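Q: show me how the following folds:
(chains A and B)
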Amino acid sequence: MNAALTLWGKHMVKIRRHREEAFGLLLQPVLWVVLFGVGMQAVMGDGYITFMVPGIITLSALSGSIAGGSTLLDERLRGVVKEYLVAPIPRLSVLLGNALSTVSKGLLQALVILLIGVLMGASLRFNLLGWLGGFLLVAAYSMGFAGIALGVASVTDSVGGYHALIFIFNLPMLFASNALFPLARLDEHAPLLNIVARINPTTYVVDGLRQLVFENAYFVPTDQRLPLWLCFTVVGAFATFGVWFALRFFSRSVL
Amino acid sequence: MKTEQFTIRAEGLKKTYRLGKDSVEAVKGVDLQILPHTIYALLGPNGAGKTTLLSMLTTLIQPTGGVAEVAGFDVTRDPDRIRQRIGVTFQEIVLEDDLTGREILDYHGRLYRMDKQARQRQIDTLLELVELQDASDRIVRTYSGGMKRRLELIRGLITDPEILFLDEPTLGLDPQNRANLWSYIRNLRDEKGLTLLLTTHYMDEAEALADRVGIIDQGQLVIQGRPQDLINELGADVINVTGSGDIAPYVQRLREQEFVQGLNAAERLVQIGVDNGNRRLADIVTLAGGNGFHIEDIGIARPTLGDVFLKHTGRQLRDH
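A: Predicted coordinates:
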């Protein structure tokens, strides 16, 4: 654990030194809220911002997590991982340290978007337990993607290939979910997309967040809330998958 | 089980890589015995298997055959005990250039669970040793190549290891920086009593630095010994003869001469080890007469490890 925390601390110091990178990563979700959100609110009516902010929080947790995985890739390609491997530390602490910093980046980004969302007029609920639940959902979702990112970063040798991965996940995960459109409408007008959205873990995080953290987040009348237990189960399963995926590929490359 | 005698010992150490259906034998059964407090240099061309051998001894990769012990511990059964006792620098410069020199050293010490006081004391002493104290709070990106190598050298020393492994420690450095690094390395043996295993493809480096040298070629340790002994086996002087025509009869006649102490022949080049170069030069020229070999160039030189390499592998070791 000592080694994992040391690596985590080092990665956190490095983020502070790379402000441009952090800024770039944040810019995209900020633009979503500020430009897309405001425009759509004008078309769709009041309450759209509150509706979409949980989705953008989730999106930024996703891109933060995947970007975090590139730290491991960078350490592998530069040979820094070898320095860890000749040290008397457990092999898995290299993965754990990277997972910690990757999830931290995801959560940090999510927090910034939450603040911007509130500034733009999203209305929050004040329920401590709800907030805790929301935090757990985002953390678990972040862990799932961190796992996928770290698994890929453990085996790929190409920075370009890795970044292509970010693009493959980024927008489809957003569009093929309930983040921007209500599931009920999808059910009526786009049944195929509805099916995809229902197997996308993003949908469950977003719906859970709407119920737990936001006030009146369903801007169209709907009784199509997903049961909270289902949200936690799906996201928990996704996080487990991510951990399994990372362990499997990390062990293959390093042990 | 701890065997004290040798600091590093290997027997029949092997590494075979699988590439699809093919397999590549990077290290083909190496025996090594390295005594404490010595500098041992593995000399060989690029691709000879030096780095693979080092990776097995530093517990980075697992051998596919044979046994190896470092500091008395088995590399496959007790890797963590070994890791606590060694320092390693790699062939490529492995530094995070967005951290300062001091931070890099500090994080390294933290990985090894050193307490803050011990870290600070070690860092200050070592920075002074390699004269980096003034640059220590600068980001590593601003360091020159020589400074980076020095920083890596002392990173391996923060934890006070018994054994230091250096893979091509002076790769890419200019002569002055190389000579500096050599004197730091000698100091480590003399003052701290370290055992050092380094790899190099520079023969002058092995000659200048090593107490013992092992010549490695195509995954095999061809010969090992004290550099001066290996060189002396070739004779006091080496006469290099280059020419054209049929070389075989000439070599045959040379072999019959009593004063010839060593002989290497490769394509158009014959190297003749003799007791005294100046005195034997005339004889050697005369012997070439009338048997189809035409001398184009002739010179006398003190033999080097490069000549030792040629003798034992039949190929020339090129310096890059």
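Q: please make it C-alpha for all contacts and neighbour counts, starting now.
A: Will do.
Q: my read is B:Ile223 is in a strand, agree?
A: Yes. Judged by DSSP: H, G, I helix; E, B strand; the rest coil, B:Ile223 forms part of a strand.
Q: gap between it and B:Thr199?
A: Per CA to CA, to the nearest Å, B:Ile223 is found 15 Å from B:Thr199.
Q: higher neighbour count, those two?
A: Each of B:Ile223 and B:Thr199 has its neighbours counted (other CA atoms under 10 Å in any protein chain shown); B:Thr199 has more, 27 against 15.
Q: just the CA coordinates of the helix or strand harbouring that one, formatted as PDB?
A: Secondary structure from DSSP states H and E places B:Thr199 in strand B:195-200. Output of strand B:195-200 as PDB, limited to C-alpha atoms (Å, rounded to 0.1, in the frame of the first residue of the first chain):
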ATOM      1  CA  THR B 195      30.200  -4.900  -6.200                       C
ATOM      2  CA  LEU B 196      29.500  -3.600  -9.600                       C
ATOM      3  CA  LEU B 197      28.300  -5.500 -12.700                       C
ATOM      4  CA  LEU B 198      28.200  -3.400 -15.800                       C
ATOM      5  CA  THR B 199      27.700  -4.100 -19.500                       C
ATOM      6  CA  THR B 200      29.400  -2.200 -22.200                       C
END
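Q: now the strands for the stretch 101-250 of chain B?
A: B:163-167, B:195-200, B:212-217, B:220-225, B:237-245 (DSSP state E, counting those that start in this stretch).
Q: between the first one and strand B:195-200, how many degrees?
A: This means strand B:163-167. Interaxial angle of strand B:163-167 relative to strand B:195-200 (axes from the mean of the first three to the mean of the last three CA atoms, to 10 degrees): 10 degrees.
Q: can you give the strand pairings for strand B:163-167, parallel or anti for each?
A: Note on strand B:163-167: by DSSP bridges, its sheet partners are strand B:86-89 (parallel), strand B:195-200 (parallel).
Q: quick check: mean pLDDT of it?
A: For strand B:163-167, the mean pLDDT works out to 95.
Q: and what of stretch B:221-228?
A: Mean predicted lDDT for stretch B:221-228 stands at 91.
Q: equivalent analysis for stretch B:297-314, please.
A: 85.
Q: which one of the strands paired with strand B:163-167 lies closest to A:Leu96?
A: Minimum separation from A:Leu96 across those (CA to CA) falls at strand B:86-89, 23.3 Å.
Q: distance from the chain centre to the closest one, please.
A: 15 Å (CA atoms, centre = their mean, to the nearest Å).
Q: quick one on the thing from earlier: B:Glu128 is nearest to which of the strands paired with strand B:163-167?
A: Closest among the strands paired with strand B:163-167, using CA to CA: strand B:86-89, at 18.7 Å.
Q: what's next to the closest one, contact-wise?
A: Here strand B:86-89 makes contact (CA atoms under 8 Å, 6 or more residues apart in numbering or on different chains) with A:83, A:86, B:58, B:152-153, B:155-157, B:159, B:161-167, B:169.
Q: and the stretch 51-200 of chain A, which residues reach chain B?
A: A:Arg78, A:Gly79, A:Val80, A:Lys82, A:Glu83, A:Tyr84, A:Leu85, A:Val86, A:Ala87, A:Pro88, A:Ile89 (CA under 8 Å from any CA of the partner chain).
Q: count of neighbours near the spatially closest residue to B:Arg189 that is not a sequence neighbour?
A: Among residues not flanking B:Arg189 along the chain, B:His37 sits closest, at 5.9 Å (CA to CA, 6 or more residues apart in numbering or on different chains). Counted with other CA under 10 Å, residues neighbouring B:His37 total 19.
Q: wait, a helix at B:His37?
A: No. Assessed with three-state DSSP, B:His37 is coil; it does not lie in a helix.
Q: so what pLDDT did whichever residue of the stretch 101-250 of chain A sits closest to chain B get?
A: As assessed by CA to the nearest CA, chain B sits closest to A:Phe250 within the stretch 101-250 of chain A, at 14.8 Å. A:Phe250 carries a pLDDT value of 90.
Q: which residues does it contact?
A: Contacts of A:Phe250 by CA under 8 Å, 6+ apart are A:Leu95, A:Leu150, A:Gly151, A:Ser154, A:Val155.
Q: can you lay out those as JSON lines showing pLDDT and secondary structure?
A: Output for the contacts of A:Phe250, formatted as JSON lines (pLDDT from 0 to 100; DSSP: H, G, I helix; E, B strand; the rest coil):
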{"residue": "A:Leu95", "pLDDT": "91", "secondary structure": "helix"}
{"residue": "A:Leu150", "pLDDT": "92", "secondary structure": "helix"}
{"residue": "A:Gly151", "pLDDT": "91", "secondary structure": "helix"}
{"residue": "A:Ser154", "pLDDT": "89", "secondary structure": "helix"}
{"residue": "A:Val155", "pLDDT": "88", "secondary structure": "helix"}
